[in-house]
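Peer 1: structural data only, the sequence is not supplied:
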């Protein structure tokens with residue numbers, strides 16, 4: 001990692017004593033200090049977090065640093081997703097199983113306004129959530145680690161038969177699941193069960209043309225932004241390699257032209273993602289990067305050593321996503337690392353689940 005992390009104990013102590021009432025300048029020192037504060041907090045409590053959250057953190061830290069010490073957090077995640085795929089994929093041909101599991105997945109979406117909107121959007125095709133948020137999610141993660149999981153052929157056959165295009169291009173779905181849908185698009189392409197990218201991109205632009213931005217309320221504008229960042233994130237295979245800036249100029253230009261509204265109306269998660277989008281596109285000197293870094297530095301709670309939720313909650317389980325994004329924005333590496341390919345790493349290759357098979361390269 002860059003040398004900005006080599007901060008003195010005295011500098012860190014002085015930083016923690018500072019008041020965050022006034023904006024702090026974006027310097028190598030302030031970036032390093034916020035980064036280190038978040039990192040120390042998360043890693044001190046990492047074993048207390050659920051497997052999914054441990055995995056999310058470990059995978060991203062591995063891709064940022066290439067440090068094999070993060071591979072075991074990914075291995076924890078592999079065990080969890082392998083067990084889940086074994087249950088869902090291997091039972092997918094049983095009568096009534098898919099509809100039953102889809103209904104269950106919808107039932108746990110919650111009761112808030114966004115959850116209600118998502119449930120309503122899913123009404124015409126309830127099984128869509130099973131094929132995408134279950135089968136695609138687990139199989140793509142296993143693939144990222146260099147494996148196929150249990151009942152893989154059965155899973156891919158089911159996905160190829162499923163009508164994913166209708167749900168992916170539906171207006172109500174895009175208005176409630178924009179980021180998730182682009183994830184599904186890239187996951188489907190990743191495991192070879194369908195290429196829906198052109199269809200989804202056009203549907204997304206039709207729902208959210210730039211000339212209608214003024215009509216979007218804060219929630220809908222956030223949904224648009226979140227979808228746009230995930231076009232770039234998914235194309236990078238989630239921080240495994242850079243993306244072509246020309247391909248995503250329509251997104252980067254939007255961010256650059258609307259950065260004042262983004263800083264005012266978006267959440268800390270989305271603001272960090274906007275900055276990271278330029279880093280993934282090889283544009284670290286774009287002014288948007290510094291502006292988003294400035295926002296993130298001043299969102300840091302020096303007492304809790306974390307960036308809390310919009311309501312001020314410092315809980316690490318719900319805040320890990322936001323905070324690992326902040327770490328990435330503040331200390332972007334010169335090189336990204338693919339994987340982790342767990343069958344090739346000394347730290348993990350002897351401890352793999354029995355139900356996964358390494359993919360031959």
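Peer 2: All right, it came through fine. Treat the numbers as computed from the prediction; the structure is a model and nothing was measured.

Peer 1: pull the contacting residues for residue 31.
Peer 2: Shown in contact with residue 31 (Cβ atoms under 8 Å, 6 or more residues apart in numbering): 4, 293, 297, 330, 331. The C-beta positions use only the backbone N, C-alpha and C, and glycine is treated the same way.

Peer 1: what about the second one, how many residues close to it?
Peer 2: Translated: residue 293. 21 (other Cβ atoms under 10 Å).

Peer 1: for it, give me its contacts.
Peer 2: 26, 31, 275, 329, 330.

Peer 1: which element is it on?
Peer 2: Assessed by DSSP states H and E, residue 293 sits inside helix 287-299.

Peer 1: tell me the angle of whichever helix or strand comes after that helix relative to helix 287-299?
Peer 2: Using DSSP H and E, the helix or strand that follows helix 287-299 in sequence is helix 316-330. For helix 316-330 against helix 287-299, the angle by axes from the mean of the first three to the mean of the last three Cα atoms, to 10 degrees is 140 degrees.

Peer 1: in the contacts of residue 31, which residue is surrounded by the most others?
Peer 2: In the contacts of residue 31, the most neighbours by other Cβ under 10 Å go to residue 330, 25 neighbours.

Peer 1: host element of the nearest residue to residue 210 once chain neighbours are set aside?
Peer 2: Among residues not flanking residue 210 along the chain, residue 254 sits closest, at 6.2 Å (Cβ to Cβ, 6 or more residues apart in numbering). Per DSSP H and E, residue 254 falls inside helix 249-257.

Peer 1: what sits closest to residue 341 if chain neighbours are left out?
Peer 2: residue 146 (3.9 Å).

Peer 1: contacting residues for that neighbour?
Peer 2: Counting by Cβ under 8 Å, 6+ apart, residue 146 touches 339, 341, 342, 343, 344, 358, 359.

Peer 1: now do the phi/psi pair for it.
Peer 2: Here is the backbone geometry of residue 146 (degrees, to the nearest 10): phi 90, psi 30.

Peer 1: separation between it and residue 343?
Peer 2: Here the criterion is Cβ to Cβ, to the nearest Å. By it, residue 146 lies 6 Å from residue 343.

Peer 1: ok, now how distant is the residue nearest to residue 210 from residue 228?
Peer 2: The gap separating residue 254 from residue 228 is 7 Å, by Cβ to Cβ.

Peer 1: who's more crowded, those two?
Peer 2: Between residue 254 and residue 228, counted using other Cβ under 10 Å, the more crowded position is residue 228 (25 against 19).

Peer 1: and that one, how far from residue 257?
Peer 2: To residue 257, residue 228 is 13 Å away according to Cβ to Cβ.

Peer 1: picking up where we left off before, tell me the buried residues in the helix holding residue 254?
Peer 2: Across helix 249-257, burial judged by 16 or more other Cβ atoms under 10 Å covers 251, 252, 254, 255, 256.

Peer 1: check contacts around the first one.
Peer 2: Taking Cβ under 8 Å, 6+ apart as the definition of contact, the neighbours of residue 251 are 228, 229, 231, 232, 277.

Peer 1: identify the farthest-apart pair in those residues.
Peer 2: 231 and 277 (8.8 Å; Cβ to Cβ).

Peer 1: who's more crowded, those two?
Peer 2: residue 277 (28 against 25).

Peer 1: mind checking how far the more buried one is from residue 243?
Peer 2: Distance from residue 277 to residue 243, by Cβ to Cβ: 9 Å.

Peer 1: now do residue 298, the pLDDT please.
Peer 2: For residue 298, the pLDDT comes out at 95.

Peer 1: what touches both of residue 231 and residue 277?
Peer 2: Common neighbours of residue 231 and residue 277 (Cβ under 8 Å, 6+ apart) are 248, 251.

Peer 1: got a pLDDT number for the residue nearest to residue 341?
Peer 2: In this model, residue 146 carries a pLDDT of 97.

Peer 1: likewise residue 353?
Peer 2: On the pLDDT scale, residue 353 gets 98.

Peer 1: helix, strand, or coil at it?
Peer 2: coil (DSSP: H, G, I helix; E, B strand; the rest coil).

Peer 1: ok, residue 349 touching residue 341?
Peer 2: No - between residue 349 and residue 341 there is no contact under Cβ atoms under 8 Å: 9.2 Å.

Peer 1: more neighbours: which of these two?
Peer 2: Legend: neighbour count by other Cβ under 10 Å for residue 349 and residue 341, higher for residue 341 (18 against 14).

Peer 1: figure out the helix or strand that that one lives in.
Peer 2: Counting by DSSP H and E, residue 341 is found in no helix or strand.

Peer 1: all helices for the stretch 1-150 of the chain, in order.
Peer 2: In the stretch 1-150 of the chain, the segments counted as helices under DSSP state H, counting those that start in this stretch are 9-17, 28-44, 51-65, 71-90, 97-107, 113-122, 128-129, 137-144.

Peer 1: nearest to residue 210, of those helices?
Peer 2: If you check each of the helices of the stretch 1-150 of the chain against residue 210 by Cβ to Cβ, helix 113-122 wins as the nearest, at 22.8 Å.
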